[in-house]
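**Student:** Okay, sequence plus prediction incoming.
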Amino acid sequence: MPRVKALELYDDPHSEYSAKVKVALYAKGLVWTPVAVPCGSTRSPEFRAVNPLGKIPALWVTFENGHRELLIESEVIMEFLEDAFPDAPPLLPREPLARSKARLVSRFHDLYVEPALRRLYPQVAPSARDPRLVQALWGHAAVREVFKDLRPAAEEWVAMKLKQ
């Protein structure tokens, strides 16, 4: 594989998936350029021309030979960064069981935390907020379970990272 020359990231500051990729870029010490989503919307025809799925994050990778590839989906992007930059600090532990546990933290976010939080997104703006709905969603058993289960998993991951 040719060497990577440049990384350009389409993201949104409110996207948890974009945040995961930015954490990985910073953790590996990589230089990258943020790119504004055309017309300010992932639904715009201009952005759909970049990424037909209309999703962020999306990472343009430019190689030294001039070839460019667009990578989408946070997990795919992070796996690419891990593989393409083996001399940068690793994102995952080397030992297979520890790697699996680290991947679980990311999957836990994708499958349980983000869907629970997504229900609250329409309630962010105070002018549109319905306090009864927020209370009902926050009080929903599934949401409480996600956050109850998250703390031990996060604490175990941090402890594992500190041992490395």
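**Tutor:** Now that the structure is in, tell me what you want to look at.
**Student:** sec struct for residue 61, please.
**Tutor:** Following DSSP: H, G, I helix; E, B strand; the rest coil, the label given to residue 61 is strand.
**Student:** Which strand residues bridge it?
**Tutor:** Beta bridges link residue 61 to residue 7, residue 69, judged by DSSP bridges.
**Student:** If you tally nearby residues, what's the number for it?
**Tutor:** Neighbour count of residue 61, defined by other CB atoms under 10 Å: 19. All C-beta atoms are positioned from the backbone trio N, CA, C, and that covers glycine.
**Student:** roughly how far apart are it and residue 99?
**Tutor:** 23 Å (CB to CB, to the nearest Å).
**Student:** Residue 73 too?
**Tutor:** Relative to residue 99, and taking CB to CB, residue 73 is found at 19 Å.
**Student:** just residue 11 next, same as before
**Tutor:** 25 Å.
**Student:** same check, this time on residue 9
**Tutor:** 24 Å.
**Student:** coming back round to it: more crowded one of residue 73 and residue 99?
**Tutor:** Applying other CB under 10 Å to residue 73 and residue 99 shows that residue 73 carries more neighbours, namely 17 against 14.
**Student:** which residues touch residue 27?
**Tutor:** 89, 91 (CB atoms under 8 Å, 6 or more residues apart in numbering).
**Student:** And the pLDDT for it?
**Tutor:** Reported pLDDT at residue 27 in the predicted model: 93.
**Student:** again with residue 2
**Tutor:** So residue 2 comes in at 87 (pLDDT).
**Student:** How many neighbouring residues does residue 85 have?
**Tutor:** Residues lying near residue 85 (other CB under 10 Å) number 19.
**Student:** Next up, identify which helix or strand the residue of the chain most remote from its centre is on.
**Tutor:** In the chain, counting by CA atoms, centre = their mean, residue 132 sits farthest out from the average C-alpha position, at 30.1 Å. Secondary structure assignment for residue 132, by DSSP states H and E: helix 131-139.
**Student:** pretty sure residue 1 contacts residue 80?
**Tutor:** No: using CB atoms under 8 Å, residue 1 makes no contact with residue 80, being 10.2 Å away.
**Student:** in the helix holding residue 132, what's buried?
**Tutor:** Residues of helix 131-139 classed as buried by neighbour count (16 or more other CB atoms under 10 Å): residue 137.
**Student:** Could you do stretch 70-82 as well?
**Tutor:** Those would be 71-74, 77-81, for stretch 70-82 by 16+ other CB under 10 Å.
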